[in-house]
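Participant: A structural model of the following input is requested.
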Amino acid sequence: MLLGIIGAMESEIATLRSQLTDRSDLSVAGIAFYRGRLKGREAVISRCGIGKVHAAMCAQLMIERFAPDLILNIGVAGALDERLDIADVVVTQSAVEHDMDTTPIGDPLGLISGPDVVHMPVDQAAAGCLKQVVLSIGKRCVVAAIATGDQFIERLEQKQQIASRFGAAACDMEGGAIAQVCLENGVPYAAYRAISDTLNGNGLEYAVNVIPAAETSARVLEGFLQRWQNGV
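Facilitator: Residues are numbered from 1 along each chain as shown. All right, here's what the predicted structure looks like:
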């Protein structure tokens, strides 16, 4: 089985890429893909870049060029839940796009036209494995929706609205787009996010904590690979 791993930023994939053996590289449309063996597992890793368009491009290219059996979206995100502190982890229960809005024509907020869903599904076996890993490394784990939009969400009022509308515990700028591409291609998807800025945090808090959060994200992936290999 081939695992596809997508992170938005260099800090989210650098450690993992350095651990690849038997590595081969491919660049398509400005997006680099690194294929090899990671902790004994066949894997392809990519940094998609920030935002939904970059994320969707990366996911579609990965599916077409490598046909992964599961795409795992990793990295950091901002908290929408007051329980979450820096480097705690949210495992995606469902993916939503909070900035998708066709409500003027009668649709519910967040509806993705085509599949006609608001909450896009994740692979439950992979999500369960991720939860076990997070708890095993001593981090707080919340399993909930993660909301995606082409915005860095900083205002508390906006965070509270997204959390209330979608039941989301974290917000990012890529996961929902990757989930949509996977859904429409019939490829299993799972995701998690280590918290880089808290509910009352801002861009400055993010800048200070993005590296420690990314390091936690890498630890979770290492544990996931060990458990997923053994079918746990």
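Participant: got the buried residues for the helix or strand where R165 lies?
Facilitator: Counting by DSSP states H and E, the element that carries R165 is helix 156-166. For helix 156-166, a neighbour-count test (16 or more other C-beta atoms under 10 Å) marks K159, I162, A163, R165, F166 as buried. Every C-beta, even on glycine, is put in place using the N, C-alpha and C of the backbone.
Participant: shouldn't the first one be in contact with L199?
Facilitator: Yes: counting by C-beta atoms under 8 Å, K159 touches L199, with 6.1 Å between them.
Participant: restricting to C-alpha, output the helix holding R165 in PDB.
Facilitator: Provided in PDB are the C-alpha atoms of helix 156-166 (Å, rounded to 0.1, in the frame of the first residue of the first chain):
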ATOM      1  CA  LEU A 156     -12.200  35.600  18.100                       C
ATOM      2  CA  GLU A 157     -15.700  36.400  16.900                       C
ATOM      3  CA  GLN A 158     -15.000  34.700  13.500                       C
ATOM      4  CA  LYS A 159     -13.500  31.700  15.200                       C
ATOM      5  CA  GLN A 160     -16.500  31.300  17.400                       C
ATOM      6  CA  GLN A 161     -18.800  31.500  14.400                       C
ATOM      7  CA  ILE A 162     -17.000  28.800  12.500                       C
ATOM      8  CA  ALA A 163     -16.900  26.500  15.500                       C
ATOM      9  CA  SER A 164     -20.600  27.000  16.100                       C
ATOM     10  CA  ARG A 165     -21.700  26.600  12.500                       C
ATOM     11  CA  PHE A 166     -19.700  23.500  11.700                       C
END
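Participant: common neighbours of K159 and L199, please.
Facilitator: L80 (C-beta atoms under 8 Å, 6 or more residues apart in numbering).
Participant: who are the neighbours in contact with the residue nearest the centre of the chain?
Facilitator: Within the chain, one residue has its C-alpha closest to the average C-alpha position: by C-alpha atoms, centre = their mean, that is N73, at 3.5 Å. With contacts taken as C-beta under 8 Å, 6+ apart, N73 has the following neighbours: I6, G7, T92, E174, G175, I178, A179, Y189, A190, A191, Y192.
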